[in-house]
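**Student:** 3D model of this:
(2 chains)
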2 protein chains.
Amino acid sequence: MALIAEKNIVVFVGGVGGAKLALGLQQVVAPEHLTTIVNTGDDFWHYGLRICPDIDTVLYTLSGRVDPINGWGLSDDSTIMLETLRSLGEDAWFTLRDKDLATHLLRTKMLREGYSLTDVVGHLAKVQGIQPTVLPMTDAEVPTIVNTVEHGELEFQSYFVQHRWQPTVKSLYFKNIDQATMTDSVRQAIQNADIILFAPSNPWLSIAPILSVPGMRDAIIARDVPRVAVTPIIQGKAVKGPAAKLMGELGYDVSPSSVAAYYEDVLTGFVYDIRDENVETYDLKTISFDTMMLTDEDKARLAREILIWLNEREFV
Amino acid sequence: MALIAEKNIVVFVGGVGGAKLALGLQQVVAPEHLTTIVNTGDDFWHYGLRICPDIDTVLYTLSGRVDPINGWGLSDDSTIMLETLRSLGEDAWFTLRDKDLATHLLRTKMLREGYSLTDVVGHLAKVQGIQPTVLPMTDAEVPTIVNTVEHGELEFQSYFVQHRWQPTVKSLYFKNIDQATMTDSVRQAIQNADIILFAPSNPWLSIAPILSVPGMRDAIIARDVPRVAVTPIIQGKAVKGPAAKLMGELGYDVSPSSVAAYYEDVLTGFVYDIRDENVETYDLKTISFDTMMLTDEDKARLAREILIWLNEREFV
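**Tutor:** I've put the predicted structure just below:
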């Protein structure tokens, strides 16, 4: 534990799968050495509120408040507001539950007061008792746009929640990403990192927005430290969500190898699942672990296994 | 009833007291002949949401959804969001209950989409099953600013709710009121009115903002129809809220006569309460009724009494 505790870990995450690895890391890394950088491409305005689903999933998971059934939202939450909204004739397709609304209201208030999203996430983490650092990938609004066969362009949450990721994806882009900038906090975290991890999040929907922030990819590649992704694909399937379906639609072979290849020179290492065999990972340092994270113990174990492996002298 | 039903009634209202008379009128006037024009000086932005307390009180009252205990808010509402917000360290002094939030979210969404407040109120009235017309006094944002001895300038809800109307009022003004305009809907309602009523709302806090919208006062005075206010002051006290305290602080004698005088040439008639005697109302047509509206029957009775009186040939 000692060596692990002294290293600065940066982990890039999307939603539920990413939050699980972040929680595993939180259990085995001293809080001052752990920074979680979160996708914000799925953020959107809804009923006048700024909603950041991936950030909230990470914060709720790290604070122990997350709904254990869904992996997102708060446990023991209610839908009184939502049912009332529907009684007023609204479709209200996005789940805005009552306790959860407090987060959205506080965030929207702070943003309207002029605080940056980085400030807001820092405050939300603090008041939820989270000790490690959590950062949004950027303060800019850079919505992920999903171009679909059936409905044309959809904002991410419309694709993901309203249409239950059933439309066929032709392409993706990140609106206004050229105008986005890396924050000082993100730049510094990458600069100080001893280990850079990519959680088993959807590479196209969760990680690509992060890597598309101008300067991000170069800042990561410039670091001569282990840069390792964990596969979100196990035995040709996604653990959760649209990763496998999307890969097929975009013309990729649905395999850990395709994921490793997609990251290109961002990675120096790759973790695939023990259930897979003969995974081609080109010239990456590669290992397999049990990457299914069902319990909190699973999450800590996977985090510990990855860090111990990266801590071996011969890795870099 | 027949004569009453054929006349177009416009009633100007603020919050709880005004909503009560509007509900009384709704019971005795055909819906197509009743227009309620509501103060918006107490509207404000709070946690990213546009809150319109007087409008909501009117809509909730007319739809039968109002909390009968408070006279504002929705009946059988809960505070799950609010308690969560407080657990995140927020003061959260304004009562945002869970069912009530649906109204605020829907309103904020529509305003952000570019609908006017008039459109929004019309939609909210419709989905709550309200048949008479309800209009905001203007679509502009014209916050009532209360200049207090103890805290300097306060937005109305801060004075009214956060500080429980305890600060001493030096003066009042309506921010940006010079840039506000009357809407076509309000102009038309006044133009078509056969009877213009001012509910027993606070003249300084609820009616003055309405009369301060450029053109409003002149449009009302230009109409050669009964223009009648109901006193909010009974036996030297306000039925509810800060009217009496405020009158004293502003140097007025706390009496129905002061209210009648304050309206100046806006009125042609005045209704004071049967509990008061020797009320000086200058050259106004004057009558006394039981103006306490405790039950729905009281509200209908007072509305009917006023309309029957105004319907007498000799009034105008």
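**Student:** any idea how far A:T40 is from chain B?
**Tutor:** In this view, A:T40 and chain B are 17 Å apart by CB to the nearest CB, to the nearest Å. Quick note: C-beta positions are derived from backbone N, CA and C, even for glycine.
**Student:** contact partners for that residue?
**Tutor:** A:52, A:54-55, A:117, A:136-138, A:142, A:209 (CB atoms under 8 Å, 6 or more residues apart in numbering or on different chains).
**Student:** can you lay out those residues as JSON lines showing secondary structure and distance to chain B?
**Tutor:** Formatted as JSON lines, those follow (DSSP: H, G, I helix; E, B strand; the rest coil; distance: CB to the nearest CB, whole Å):
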{"residue": "A:C52", "secondary structure": "coil", "distance to chain B": "13"}
{"residue": "A:D54", "secondary structure": "helix", "distance to chain B": "19"}
{"residue": "A:I55", "secondary structure": "helix", "distance to chain B": "15"}
{"residue": "A:L117", "secondary structure": "helix", "distance to chain B": "14"}
{"residue": "A:P136", "secondary structure": "strand", "distance to chain B": "18"}
{"residue": "A:M137", "secondary structure": "coil", "distance to chain B": "22"}
{"residue": "A:T138", "secondary structure": "coil", "distance to chain B": "21"}
{"residue": "A:V142", "secondary structure": "coil", "distance to chain B": "19"}
{"residue": "A:P209", "secondary structure": "helix", "distance to chain B": "24"}
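**Student:** can I get the residues you listed in JSON lines including neighbour count and pLDDT?
**Tutor:** Shown next, in JSON lines, are these (neighbours: other CB atoms under 10 Å in any protein chain shown; pLDDT from 0 to 100):
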{"residue": "A:C52", "neighbour count": "23", "pLDDT": "98"}
{"residue": "A:D54", "neighbour count": "27", "pLDDT": "97"}
{"residue": "A:I55", "neighbour count": "29", "pLDDT": "98"}
{"residue": "A:L117", "neighbour count": "24", "pLDDT": "98"}
{"residue": "A:P136", "neighbour count": "25", "pLDDT": "98"}
{"residue": "A:M137", "neighbour count": "28", "pLDDT": "98"}
{"residue": "A:T138", "neighbour count": "27", "pLDDT": "98"}
{"residue": "A:V142", "neighbour count": "23", "pLDDT": "97"}
{"residue": "A:P209", "neighbour count": "28", "pLDDT": "97"}
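**Student:** can you classify A:V146 by secondary structure?
**Tutor:** strand (DSSP: H, G, I helix; E, B strand; the rest coil).
**Student:** my read: it touches A:Q157, true?
**Tutor:** No - at 9.9 Å, A:V146 does not count as touching A:Q157 under the criterion of CB atoms under 8 Å.
**Student:** neighbour count for the two, which is higher?
**Tutor:** Neighbour count, other CB atoms under 10 Å in any protein chain shown: between A:V146 and A:Q157, A:V146 has more, with 27 against 20.
**Student:** now do that one against B:Y282, distance only.
**Tutor:** Counting by CB to CB, to the nearest Å, the separation of A:V146 from B:Y282 is 69 Å.
**Student:** and the angle from the host helix or strand of A:K99 to helix B:98-112?
**Tutor:** Using DSSP states H and E, A:K99 sits in helix A:98-112. Interaxial angle, helix A:98-112 versus helix B:98-112 (axes from the mean of the first three to the mean of the last three CA atoms, to 10 degrees): 40 degrees.
**Student:** which strands or helices does helix A:98-112 pack on?
**Tutor:** Under the contact criterion of 3 or more CB pairs under 8 Å, 6 or more residues apart in numbering or on different chains; DSSP states H and E, helix A:98-112 touches strand A:49-51, helix A:53-62, helix A:80-87, helix A:117-127, helix B:80-87.
**Student:** contact partners of the second one?
**Tutor:** Taking CB under 8 Å, 6+ apart as the criterion, the residues outside helix A:53-62 that touch it are A:13-16, A:18-20, A:22-23, A:26, A:36, A:38-40, A:42-43, A:66-67, A:71-74, A:100, A:103, A:121, A:124-125, A:128, A:130, A:132, A:134, A:136, A:157, A:206.
**Student:** do the last one as well
**Tutor:** Identification of contacts with helix B:80-87 by CB under 8 Å, 6+ apart yields A:78, A:80-81, A:98-99, A:101-102, A:105-106, B:47, B:92, B:95-98, B:101.
**Student:** any of these buried? List them.
**Tutor:** Buried residues within those, counting neighbours by 16 or more other CB atoms under 10 Å in any protein chain shown: A:78, A:80-81, A:98-99, A:101-102, A:105-106, B:47, B:92, B:96-98, B:101.
**Student:** which residues in chain A form helices?
**Tutor:** A:2-6, A:16-28, A:53-62, A:80-87, A:98-112, A:117-127, A:156-157, A:184-192, A:208-212, A:216-221, A:243-249, A:256-263, A:296-311 (DSSP state H).
**Student:** count of neighbours near A:P167?
**Tutor:** By other CB under 10 Å, the residues close to A:P167 number 19.
**Student:** check contacts around it.
**Tutor:** A:146, A:148-151, A:154, A:159.
**Student:** quick one: it and B:A199, what's the gap?
**Tutor:** From A:P167 across to B:A199, the span is 52 Å (CB to CB).
**Student:** residue contacts, the closest residue to chain B within the stretch 51-200 of chain A?
**Tutor:** With CB to the nearest CB, the shortest gap between the stretch 51-200 of chain A and chain B falls at A:T108, namely 3.0 Å. Contact analysis of A:T108 by CB under 8 Å, 6+ apart lists A:48-50, B:47-49.
**Student:** switch the cut-off to 7 Å
**Tutor:** Applying CB atoms under 7 Å, 6 or more residues apart in numbering or on different chains, we find A:T108 in contact with A:49-50, B:47-48.
**Student:** what do you get for A:A19?
**Tutor:** Applying CB under 7 Å, 6+ apart, the residues contacting A:A19 are A:13, A:57-58, A:61.
**Student:** so which bits of the stretch 101-250 of chain A are right by chain B?
**Tutor:** Contacts of the stretch 101-250 of chain A with chain B, taken as CB under 7 Å from any CB of the partner chain, map to A:101-102, A:105-106, A:108-109, A:112, A:127.
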